[in-house]
Structure formats: C-alpha cells, structure tokens
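1. Predicted model and sequence below, questions to follow.
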Amino acid sequence: MVEFIPVNLIAGFLGSGKTTLLQRLLADPALSDTAVLINEFGEVGLDHHLLERLDDTMVLLQSGCLCCTIRGELSDAIKDLFSKRERGVVPPFRRLVVESTGLADPFPILSTIQADPVLKHHFRLGNVITTVDAVNGVGRPESIKQVAVADRLVLTKTDLVDCADVLIGELRCLNPDAPLSRAADQRIDAAALFEGEVHSPLRAFPAAVDRPHGAVHGLALAFEGALDWTMFGIWLTMLLNRHGAEVLRVKGILNIEGSDTPVAVHGVQHLVHPPVHMAAWPDDDRRSHLVFIVDGLERNVIERSLDAFMRCGVKQ
Amino acid sequence: MCALCGVLGGVGHWTDAVARPGVFTRTATPVERRRERAARVAQANRILRHYRLSLADWQGTSFLLSTATGKTEIVDDLTHLWSSAEKLTGRPCDPLDPALLAELAGNRG
C-alpha cells in the first residue's frame, strides 16, 4: 500500500517564533525522520542557519513568499526532495515540514500540495500549526487568517506578558476548537502537534458573542438525523464555489445516511480534504456537527441554507 | 480544474475521493460509483431546476449541463458544476440566496 508522506505547515506572523519552535521540535525524537522546507521573504535567508541543521533534507526557498511569487518553486522543491528520497540520495524522510513566511496566506500552499498532479499521489496534508505572539497578538489580516486555518495553535512569548487570557479569548473566537499550547510554559509535545488527529471531535463549542476581529468569527451548527451525503456534497461545493473566500475553514463530524460510523470533513477555503471515515462515534451524540470560521457570513443564513438543501434532498 | 489557478487537469473532487483506508467514498466499486452518479444527477437537478438548468450523466465519465434552450457544457465533476452553471446562466448560483431556498422549500412534498 502506498504510504502518503504528511506535510505539515508552520505558519504564524513575522516574529511570532516559527523558527524557534521548529528548532525545539526538531530536537524531539518524534521528528527524527523529518525533512524541512523553509521559505523566507528576503534576499538573504537566515532562518536555516538558526536551525543549525544544514543537510540535504533541508531546503531554503527565499526571495519571495510561498503563497504568491514562488508557489511553483514549492512544488518543484518538494518533487526534488521526493526524487532524492526515492533514489536514496537523502534519508527516507517520513514527514515534511514547511515553514512559511510570516506574511504567507496558508491556503495557496495547502492547495499546491493537494492539487499538484504529482504531489497528491505521494503526500497528504497534515496539521497546520500556527504560532501566535502573545506580546503582539493578532491584528493584521494575514495573522487572522493564519489563526483561522490552524489545526494547532502555539502561543509564544507568554513569559513576556502578565496575562494572555484576553488574547486566548480572541483566538477562541477566531478558531474555537484548535488545541492551544504555550511554548514557554510547557514541554511542547511534537507528536501531539504533528501527528494528532486533524479531525478532532467537535463537541464543546462556546458561542462566540464578541467579535474582536471584525467579521471573522467561528460558528457551530448541529443537525439532527442522518444527512444525505450526495446532497451535502452538492451544497458544500456550491457554497465554496460562491463563498470560498469567506469560508476560511469548515470542519465537521457528520452522521451520514447508510453509514454506521461518522464521516469527518475538513476544508480550508476552496480546498476540502478527502473525507475521513471515522472508526467510531466519539460519544453518544449522534447529531452532525459543523464548525465554520467565516468572514462576514452569518450563522442563521448558513443554517437555513443547509437545512433547505437537506430537506430537498430527502427522497420523495 | 484547479480551484487556485484555473488550470485544467484532473484534480479530483473530495466527493469522488479515491478509496483508501480511512477515507470515506461512495466510489469504491463500479456499482457504488454508478449508483452515486445517478444519485448526484437526481439531487443536483433538484437545485439546478431553479436556474432552468439540467444535468445528465454522460458515459459514466462526465456530466452534461444544459440550459432550457439546449446550450450545453461538459462538466467533469462537482468542481466544475457551479462555475459552469454560472457561466451558462450568466448569474451567480448562491446557495444562500433566499429565492432559491424558498423554491426548494416549496418543491418539497
């Protein structure tokens, strides 16, 4: 059976501690078979020196930001690494970590890996880990988006602030269910960050009332009864076709008609991961749960739409 | 078509995911695949009716999306369906549109 190599993205705004985090994580035995690809915005790349691990499984892409100017280079660099791996030129790495520039939009990077006709047969998307600087918080549109699409959040520089509770509240509004670690307080568990289940069960979801970052907010929907998979696919595809730019993230556990166990869906803007057929229900709740992180869309509008489609899809 | 750059090519839609361990798909066997295609045509037509469009399976490989006047486009999968529908009708196909939702509610039962 073909083994897909997971690709993890480390995102986070400029100076939020991406390289420092990566440096710590690479010392963990759990990441011993990891190739690293670093993208720096600038003529002189420095981050790879900071990592103190210069070997053939570390690639530096500089002079441009991955998400726009050198997306083709990302694809070429990963193919080149894979080719060297297959030829035995570099050790057979089992994971690839991409550290993006602080200004990068994660979506084009994820899309490149999932859509490239060669890469999609050898690599699969793993967790997106976003670092957030506790001193400067989130404010710029780039950093809001990086937080919204994260599967794991790492709060850095918490030792430099008295209290990070307000910031944590803001992060929970932007991304309600991504597990949050503090880089300064505790030993970072590399395995949990990188290998954890992307499709974590969605249950406890605080109602987001305040919206500290304008129109970007999280919302959760729950539906009774089994959903028609075909109609759900039509609905979500139609929604993302028209509103993909406003749906920063969609994630859910679905009770699908004809399936005894739940199906997890997970998408970032126009990109939806292959749906995961979970082995079992996490608890006794058999409702379908969907979490959206949206920019400007309202909960009742999305809920009404999905409800209308699902009722229409019921076999008559 | 790549959602990012618009380049044509078989990206593969998530609803047609290749069967592999842990992945949910309804296209694992030829029978399942045909059944799912038939269901997709039927379900999509319930929505497309609002736009005076219709979808039909074509050779089990693609779909034909047609207007009431016969103007037709070939679409590979759901990735192309809505962008082609918008192109054929010249208006947005918005699942949040109250007029569409009202019609869907009216069509039930």
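-> Looks like it came in fine.

2. which other helices and strands contact the helix or strand encompassing B:Ala56?
-> When secondary structure is defined using DSSP states H and E, the element that contains B:Ala56 is strand B:53-58. In terms of contact count using 3 or more Cβ pairs under 8 Å, 6 or more residues apart in numbering or on different chains; DSSP states H and E, strand B:53-58 is assigned the packing partners helix B:30-48, strand B:62-67, helix B:78-89. Where C-beta positions appear, they are placed from N, C-alpha and C, glycine not excepted.

3. avg pLDDT for that strand?
-> Strand B:53-58 shows a mean pLDDT of 94 in the predicted model.

4. quick one: it to chain centroid distance?
-> Its chain's C-alpha centre and that of strand B:53-58 lie 9 Å apart, by Cα atoms, centre = their mean, to the nearest Å.

5. Help me confirm that A:Val291 comes into contact with A:Ile253.
-> No - taking Cβ atoms under 8 Å as the contact criterion, A:Val291 and A:Ile253 are not neighbours in contact, 9.5 Å apart.

6. re the thing from before, okay if I get the helices and strands packed on strand B:53-58 as CSV plus distance to A:Asp260 and mean pLDDT?
-> Formatted as CSV, the entries for those read as follows, by distance: least, Cβ to Cβ, whole Å; pLDDT from 0 to 100:
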stretch, distance to A:Asp260, mean pLDDT
helix B:30-48, 16, 92
strand B:62-67, 30, 94
helix B:78-89, 25, 91
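
7. Out of those, flag the one nearest A:Pro117.
-> Each of those has some distance to A:Pro117 by Cβ to Cβ; the shortest is helix B:78-89, at 14.4 Å.

8. could I get that closest one in CSV with only the CA atoms?
-> Extracted as CSV, the C-alpha positions of helix B:78-89 are listed here (Å, rounded to 0.1, in the frame of the first residue of the first chain):
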residue,chain,number,x,y,z
LEU,B,78,-18.8,18.9,-8.9
THR,B,79,-15.8,21.2,-9.0
HIS,B,80,-16.9,22.4,-12.4
LEU,B,81,-20.6,22.2,-11.9
TRP,B,82,-21.3,25.5,-10.3
SER,B,83,-18.8,27.6,-12.2
SER,B,84,-20.2,26.2,-15.5
ALA,B,85,-23.8,26.8,-14.2
GLU,B,86,-22.9,30.4,-13.5
LYS,B,87,-21.3,30.7,-16.9
LEU,B,88,-24.3,29.3,-18.7
THR,B,89,-26.9,31.3,-16.9
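
9. Need the contact partners of stretch A:219-228.
-> Defining contact as Cβ atoms under 8 Å, 6 or more residues apart in numbering or on different chains, one finds that stretch A:219-228 is touched by A:176, A:202, A:205, A:208, A:254-258, A:287-292, A:294, A:299, A:302-303, A:306-307, A:310, A:313-314, B:43.

10. Put the buried members of these into a PyMOL selection.
-> Per 16 or more other Cβ atoms under 10 Å in any protein chain shown, the buried members of the contacts of stretch A:219-228 correspond to this PyMOL selection:
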select buried, (chain A and resi 176+202+205+208+254+255+256+257+288+289+290+291+292+294+299+302+303+306+310+313) or (chain B and resi 43)
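
11. Narrow the contacts of stretch A:219-228 to those in helices?
-> Among those, the members falling in helices (DSSP state H) are A:Arg299, A:Ile302, A:Glu303, A:Leu306, A:Asp307, A:Met310, A:Gly313, B:Gln43.

12. what mean pLDDT does stretch A:304-315 have?
-> Stretch A:304-315 shows an average pLDDT of 85 in the prediction.

13. What segments of the stretch 51-200 of chain A are strands?
-> With DSSP state E, counting those that start in this stretch as the definition, the stretch 51-200 of chain A shows strands at residue ranges A:58-61, A:95-99, A:123-133, A:152-156, A:180-182.

14. In JSON lines: these, plus mean neighbour count, distance to A:Ala190 and mean pLDDT.
-> Formatted as JSON lines, the entries for the strands of the stretch 51-200 of chain A read as follows, by neighbours: other Cβ atoms under 10 Å in any protein chain shown; distance: least, Cβ to Cβ, whole Å; pLDDT from 0 to 100:
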{"stretch": "strand A:58-61", "mean neighbour count": "19", "distance to A:Ala190": "17", "mean pLDDT": "59"}
{"stretch": "strand A:95-99", "mean neighbour count": "24", "distance to A:Ala190": "10", "mean pLDDT": "87"}
{"stretch": "strand A:123-133", "mean neighbour count": "24", "distance to A:Ala190": "10", "mean pLDDT": "88"}
{"stretch": "strand A:152-156", "mean neighbour count": "23", "distance to A:Ala190": "11", "mean pLDDT": "88"}
{"stretch": "strand A:180-182", "mean neighbour count": "17", "distance to A:Ala190": "11", "mean pLDDT": "83"}
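
15. which one of the ones you listed lies closest to chain B?
-> Proximity of the strands of the stretch 51-200 of chain A to chain B was assessed by Cβ to the nearest Cβ; the nearest stretch is strand A:123-133, lying at 9.9 Å.

16. A:Val294 and A:Val216 touch, don't they?
-> Yes - between A:Val294 and A:Val216 there is a contact at 7.3 Å, judged by Cβ under 8 Å.

17. anything in contact with each of those two?
-> Residues touching both A:Val294 and A:Val216 (Cβ under 8 Å, 6+ apart) are A:Leu248.

18. So, low pLDDT: which residues of the stretch 151-300 of chain A?
-> Within the stretch 151-300 of chain A, the stretches with pLDDT under 70 are A:185-186, A:196-214.

19. what's around the closest residue to A:Asp116 other than its chain neighbours, how many residues?
-> Of all residues not flanking A:Asp116 in the chain, A:Ser75 sits nearest, at 5.0 Å (Cβ to Cβ, 6 or more residues apart in numbering or on different chains). Summarising burial for A:Ser75: neighbours were counted as other Cβ atoms under 10 Å in any protein chain shown, giving 17.

20. what's the answer for A:Arg87, then?
-> Burial of A:Arg87 is recorded as 8 neighbouring residues (other Cβ under 10 Å).

21. and B:Thr69, that one's in a strand?
-> No - under DSSP: H, G, I helix; E, B strand; the rest coil, B:Thr69 falls outside any strand and is assigned coil.

22. coming back round to it: tell me which of the helices and strands packed on strand B:53-58 is the most buried.
-> The densest packing among those, expressed as mean neighbour count by mean count of other Cβ atoms under 10 Å in any protein chain shown, is seen in helix B:78-89 with a mean of 20.

23. Spell out whether it and chain A are in contact.
-> Yes - residues of helix B:78-89 are located near chain A by Cβ under 8 Å from any Cβ of the partner chain, namely B:Leu78, B:Thr79, B:Leu81, B:Trp82, B:Ser83, B:Glu86.
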